[in-house]
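*Asks:* Using only what follows, build the 3D model:
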Amino acid sequence: MQGHFALVLHAHLPFVRHPEHERFLEENWLFEAIAESYLPLLQVLEGWRRDGVKARLTLSLSPTLCSMLRDPLLQDRARRHLEGLIELAEKETIRTHWEPATNRVAEMYLERFTRLHEQYLGYGADLVAAFRRLQDEGRVEIITCAATHAVLPLLAGHPPSLRAQVFVARDQYRACFGRAPHGIWLPECAYAPGLEEVLVEAGLRWFILEIHGLTHAQPSPRDGAAAPVFTPKGLAAFGRDQSSARQVWSRKEGYPGDFRYREFYRDIGFDLDFDYLKSHLPAADVRTGTGIKYHAITGGGRDKRIYDRGEALRAADEHASHFLRERVEQVRHLASVMDRPPILVAPYDAELFGHWWYEGPEFLDRFVRKAVQEQTAFTLITPTDYLRENPDHHVATPSPSTWGEGGHLKVWLNDKNAWLYPHLRAAGERMTELAARHPQADGLTARALKQAARELLLAQASDWAFILTTGTSPEYARRRFTDHLSRFLLLHEQLLRGAVDEGKLREMEGQDNLFPDVDYRYWA
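*Replies:* Presented below is the predicted three-dimensional model:
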């Protein structure tokens, strides 16, 4: 083997849990991801186990996502979501009986949803445990992320908040997976010099950043992004490979735009009679997607061909072969000019595969199987594996960078969301004040301090700033931020007065119940 390829999937969703409502629109983000991305990914991984495919995958499961996947309320609602999909697909097989092409797709959905429901029940609704078993078997490496996916450089002005995001994430990882994490996904691949101190203190060994974080490092790395560098603190920094990213993400060159693939935006939730659909919608008074989509991408207009599953899978196979050929050529060229084995690191959002790109799991499966069976240029490994085999690397200080638009922080810091950060800074300082006042709290005071920590962490999530920028659900993002901040401020006031309202505290604990063992002293 001349080199290595590290496939890295980052799975993250904001913490959305609304026990006060029987159905809540934004909870559907989780249920869609379970049905369309996480369960199909587990099917792929277990297929590799069954067939003896020796490949290693790196998977980042964010702490908020793990908290939701383990929550009994959300597990039950996810099960109901899958049962609702089966019921709707059964109705659709009847409705489309006289439309043969459409009926074939409806039958496909019915079979698929039934299988996913059986799979979910087979896991006992606990997908975190399913992924943990695969890690324990050595088939995947799971890495952590910041506690609530906060953009860490934007917290660097208040080091205790930065430290808490990393340490709470590490603790939650240990609770979920029974070991310490080696790597961390920096939210939005956002890096700035100085982050390494807290990462090293938390026992982490490596992270991934956007390519210009390495190519603009000081001194400039001789191997570009084809090998990691060690920061001055001894942490390994891997750069995102630009070529493999472009072939998947690019609007013009990316595989998911092929006209044979399923169209994401054309859904029966917008096409069919509302009374027929409303009992199947996450919010009964709002039209939304259902997950049943009958059309192929076809072209830019409204007129679309009916989706042909066989044709789409042939496209996935072609693209997997093309992607493999490109990586083989890339690795061979790099190996001919480097004094160490190159590693191509290809990070993607896990939800791209299956949710946004319906055939994405099949593309991954076919690429990995072909890579194992049809070439000898590279192995599929994880960054941790690579560091074990290649422990010596150049030392450099990476450049500030993100994988967001423009390569810097403008997505999360602009005229639509800049108002968030003065409030977060003031709240962080107040949390530090509370931690200093109560170094060894117990009873009701300890409960209030833990809940204040949860509310602050949730307010710091990058998701609210991102949604405010994109405008997808701005009122929801604004409300979530102000609700968490208001709860924090109420607890802060009550703790200063020494008069915690236990009834109100119990209500908060029942709603924002993540990180049950959060250590508020990390803010001290």
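*Asks:* Could I get the contacting residues of the residue lying closest to residue 416 once chain neighbours are set aside?
*Replies:* In this structure, residue 416 finds its nearest non-sequential neighbour in residue 468, 4.8 Å apart by Cβ to Cβ, 6 or more residues apart in numbering. Every residue, glycine included, has its C-beta placed from N, CA and C. For residue 468, the contact set (Cβ atoms under 8 Å, 6 or more residues apart in numbering) comprises 416, 417, 420, 474, 477, 478.
*Asks:* Let me see the backbone angles for residue 468.
*Replies:* phi -60, psi -30 (degrees, to the nearest 10).
*Asks:* residues in contact with stretch 171-179?
*Replies:* So stretch 171-179 is contacted by 61, 63, 66-67, 70, 128, 132, 135, 142, 144, 147, 180-181, 515, 517-519 (Cβ under 8 Å, 6+ apart).
*Asks:* Show me which positions of it end up buried.
*Replies:* Buried residues in stretch 171-179, counted by 16 or more other Cβ atoms under 10 Å: 171, 172, 173, 176, 177.
*Asks:* Among these, which ones are in helices?
*Replies:* 171, 172, 173, 176, 177 (DSSP state H).
*Asks:* Which of the residues you listed sits closest to residue 39?
*Replies:* The nearest member of those to residue 39, counting by Cβ to Cβ, is residue 176 at 18.1 Å.
*Asks:* Quick check: that closest one vs residue 169, distance?
*Replies:* Using Cβ to Cβ, to the nearest Å, residue 176 is found at 11 Å from residue 169.
*Asks:* Would you mind measuring from residue 300 to residue 315?
*Replies:* Distance, residue 300 to residue 315, by Cβ to Cβ: 18 Å.
*Asks:* Please say which of these two ends up with more neighbours.
*Replies:* With neighbours defined as other Cβ atoms under 10 Å, residue 300 and residue 315 compare such that residue 315 has more, 20 against 7.
*Asks:* any idea whether that one is helix, strand or coil?
*Replies:* Three-state call for residue 315 (DSSP: H, G, I helix; E, B strand; the rest coil): helix.
*Asks:* Report the separation between it and residue 321.
*Replies:* Separation of residue 315 from residue 321 (Cβ to Cβ): 11 Å.
*Asks:* If you tally nearby residues, what's the number for the nearest residue to residue 431 once chain neighbours are set aside?
*Replies:* Among residues not flanking residue 431 along the chain, residue 523 sits closest, at 4.5 Å (Cβ to Cβ, 6+ apart). Residue 523 has 25 neighbours, counted by other Cβ under 10 Å.
*Asks:* Wait, residue 523 touches residue 432, no?
*Replies:* Yes. With contact defined as Cβ atoms under 8 Å, residue 523 counts as touching residue 432 (4.9 Å).
*Asks:* Contact partners for the spatially closest residue to residue 268 that is not a sequence neighbour?
*Replies:* Computed as Cβ to Cβ, 6+ apart, the closest residue to residue 268 that is not its neighbour in sequence is residue 292, at 4.9 Å. By Cβ under 8 Å, 6+ apart, the residues touching residue 292 are 85, 88, 89, 92, 106, 109, 267, 268, 269.
*Asks:* Okay, and the third one sits in which element?
*Replies:* Using DSSP states H and E, the element containing residue 89 is helix 72-95.
*Asks:* Toward the C-terminus from that helix, list the very next helix or strand.
*Replies:* Sequence order places helix 100-122 as the next helix or strand after helix 72-95, per DSSP H and E.
*Asks:* which residues sit against that next one?
*Replies:* By Cβ under 8 Å, 6+ apart, helix 100-122 touches 34-35, 39-40, 42-43, 78-79, 82-83, 85-86, 89-90, 92-93, 95-97, 127, 291-292, 294, 306-309.
*Asks:* again, only this time at 7 Å
*Replies:* Around helix 100-122, the neighbours that count as contacts under Cβ atoms under 7 Å, 6 or more residues apart in numbering are 35, 39, 43, 78-79, 82-83, 85-86, 89-90, 92-93, 96-97, 292, 294, 306-307, 309.
*Asks:* for stretch 145-155, same thing?
*Replies:* Taking Cβ under 7 Å, 6+ apart as the rule, stretch 145-155 contacts 12, 15, 60, 62-64, 161-162, 165-166, 168-169, 184-188, 190, 192, 195, 400, 409, 412-413, 421, 457-458, 460-463.
*Asks:* Can you get me the start-to-end distance on that stretch?
*Replies:* This stretch, stretch 145-155, spans 15 Å end to end (Cα to Cα, to the nearest Å).
*Asks:* Which residue ranges of the protein form strands?
*Replies:* Per DSSP state E, the chain carries strands over the ranges 3-11, 57-61, 140-145, 183-185, 206-209, 229-230, 236-239, 343-349, 378-380.
*Asks:* Is it possible to get the ones you listed out as CSV so that each row also shows mean neighbour count?
*Replies:* Shown next, in CSV, are the strands of the chain (neighbours: other Cβ atoms under 10 Å):
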stretch, mean neighbour count
strand 3-11, 24
strand 57-61, 24
strand 140-145, 25
strand 183-185, 25
strand 206-209, 24
strand 229-230, 21
strand 236-239, 25
strand 343-349, 22
strand 378-380, 22
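*Asks:* So which of the ones you listed is nearest residue 260?
*Replies:* Smallest distance to residue 260 across these (Cβ to Cβ): 20.6 Å, for strand 343-349.
*Asks:* can you pull the pLDDT of the residue located most distally from the centre of the chain?
*Replies:* Residue farthest from the centre of the chain, counting by Cα atoms, centre = their mean, is residue 98 at 40.6 Å. Per-residue confidence at residue 98 stands at 97 (pLDDT).
*Asks:* what does residue 225 give?
*Replies:* 90.
*Asks:* Give me the distance between it and residue 6.
*Replies:* Residue 225 sits 12 Å away from residue 6, going by Cβ to Cβ.
*Asks:* do the same with residue 15
*Replies:* The spacing between residue 15 and residue 6, counted by Cβ to Cβ, is 28 Å.
*Asks:* Buried residues in the helix or strand of the chain with the lowest mean pLDDT, which are they?
*Replies:* Across the helices and strands of the chain, mean confidence by mean pLDDT, DSSP states H and E is lowest for helix 242-249: a mean of 89. Within helix 242-249, the residues scored as buried using 16+ other Cβ under 10 Å are 244, 245, 247, 248.
*Asks:* Now the first one: closest residue in space, sequence neighbours ignored.
*Replies:* What that stands for is residue 244. Residue nearest to residue 244 in three dimensions, not counting chain neighbours: residue 346, with 4.2 Å by Cβ to Cβ, 6+ apart.
*Asks:* tell me the pLDDT at residue 251?
*Replies:* According to the prediction, residue 251 has pLDDT 68.
*Asks:* Ok, residue 140 next?
*Replies:* Per the predicted model, pLDDT is 97 at residue 140.
*Asks:* List the beta-bridge partners for it.
*Replies:* Counting by DSSP bridges, residue 140 forms beta bridges with residue 57.
*Asks:* didn't residue 223 look like it was pressed against residue 337?
*Replies:* No. With contacts counted by Cβ atoms under 7 Å, residue 223 stays clear of residue 337, the gap being 8.7 Å.
*Asks:* Low-confidence ranges, this structure, go.
*Replies:* Counting by pLDDT under 70, the chain shows low-confidence ranges at 251.
*Asks:* tell me the domain ranges of it?
*Replies:* 3-70+126-262+307-406, 411-523 (automatic domain parsing).
*Asks:* Show the end-to-end separation of the last one, please.
*Replies:* What it means is domain 411-523. Length of domain 411-523, first residue to last, Cα to Cα: 27 Å.
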